[in-house]
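Undergrad: Fold the following for me, if possible:
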Amino acid sequence: MSATTVQKSTADPARTPAVPGGPRGRGRRGLLGTLASHGVLTVASLIALFPIAWLVFLSLGPDKDDYLHPGGIWSKMTFANYSHVLTETNFLDWLKSSLIVSLGTTLIGVIIAASTGYAVSRMRFPGYRKFMWVLLVTQMFPVAVLMVPMYQLLSELQLIDTYFGLILVYCSTAVPYCAWLMKGYFDTIPFEIDEAGRVDGLSPFGTFLRLILPLARPGLAVAAFYSFITAFGEVAFATTFLLDDEKYTFAVGLQSFVSEHDAQRNLMAATAVLIAIPVSAFFYLVQKNLVTGLTSGGTKG
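TA: Take a look at the predicted model:
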């Protein structure tokens, strides 16, 4: 009786040709899905860029009423509005004041927020959880409620109409949010790094300064950007606490183009375009770490 040996073919799955029309791998999209996603992104980009392009277009009109008839701007475009703003107004004083206040708020705010976030993330002192909730509660009060007590405090400290007084006011707004942000980001950094620093003989402050802060650059970039924008575009506090027109920031200086019966909208548009340049430059400096900091800070709480 002869035994028949049946051999099974063991084809290499890696060499098996893909069946046309078979199921696509996970995460892969067809041509229609790719075109649809690109179309949606294109439309969203155009919607976002349209107000900026429209503002630049209106700034090229020489007449203050050109915004009522924008079609006529094409035949008389000029950069006269920009030259008038740069030479006939206090634009450079507004720029100096805005940079002093914004950069001062950014520097002081980030230092306080980083120190606070690191202390709450690493140290377990009595009431540390309640402390963070208190910071969060401070964001619940509207500006109108805070205006009078802040004015009284600054008046007693003789800080009315000073850059430092306005910086302190802006820090009271920016620090609570940035402290929460930095606390969440420090939670993503392993505790073993702190322990390694202590083994090497570093103090807690030395560990924070030499080991933790270099790893927290994305979070610091987000906190710096938020602090800068908060101070750069704020109007209510700057209008109330700055009395000297030479110390006006951009937000307050724009009001000089608006009178009781008239508004020079062409000059306002040109000034707004010029104002966007420092913000764009600051965003360009921090953009590499901005997305990383925004996503990493929310992984732990």
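Undergrad: alpha carbons only for contacts and neighbour counts from here, please
TA: OK.
Undergrad: Run through the helices of this protein in chain order.
TA: 31-59, 80-88, 91-122, 128-137, 143-156, 163-187, 191-199, 204-207, 213-215, 217-232, 236-241, 250-253, 265-296 (DSSP state H).
Undergrad: Dump these to CSV, plus distance to Ile73.
TA: Shown next, in CSV, are the helices of the chain (distance: least, Cα to Cα, whole Å):
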stretch, distance to Ile73
helix 31-59, 8
helix 80-88, 13
helix 91-122, 25
helix 128-137, 48
helix 143-156, 39
helix 163-187, 39
helix 191-199, 61
helix 204-207, 60
helix 213-215, 51
helix 217-232, 30
helix 236-241, 33
helix 250-253, 26
helix 265-296, 11
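Undergrad: Quick one, which of the ones you listed gets closest to Trp74.
TA: Nearest of the helices of the chain to Trp74, taken as Cα to Cα: helix 31-59 at 8.9 Å.
Undergrad: For that closest one, could you pull out the residues that count as buried?
TA: Leu55, Val56, Phe57, Leu58, Ser59 (16 or more other Cα atoms under 10 Å).
Undergrad: With stretch 208-222 instead?
TA: Phe208, Leu211, Ile212, Leu213, Ala216, Arg217, Pro218, Gly219, Leu220, Ala221, Val222.
Undergrad: Could you report the neighbour count for the nearest residue to Leu135 once chain neighbours are set aside?
TA: Using Cα to Cα, 6 or more residues apart in numbering and skipping residues adjacent in sequence, the residue nearest Leu135 is Pro176, 5.1 Å away. Residues lying near Pro176 (other Cα atoms under 10 Å) number 23.
Undergrad: Ser172 now?
TA: Ser172 has 16 nearby residues by other Cα under 10 Å.
Undergrad: Might you report the residue contacts of it?
TA: Residues counted as contacts of Ser172 (Cα atoms under 8 Å, 6 or more residues apart in numbering): none.
Undergrad: Distance of it relative to Lys76?
TA: When Cα to Cα, to the nearest Å is the yardstick, Ser172 and Lys76 sit 47 Å from each other.
Undergrad: Also Gly219?
TA: On the measure of Cα to Cα, Gly219 and Lys76 end up 47 Å apart.
Undergrad: Among the buried residues of stretch 208-222, pick out the one closest to Ala44, please.
TA: Val222 (23.6 Å).
Undergrad: remind me which residues of this structure are low pLDDT?
TA: 1-29, 259-261, 289-301 (pLDDT under 70).
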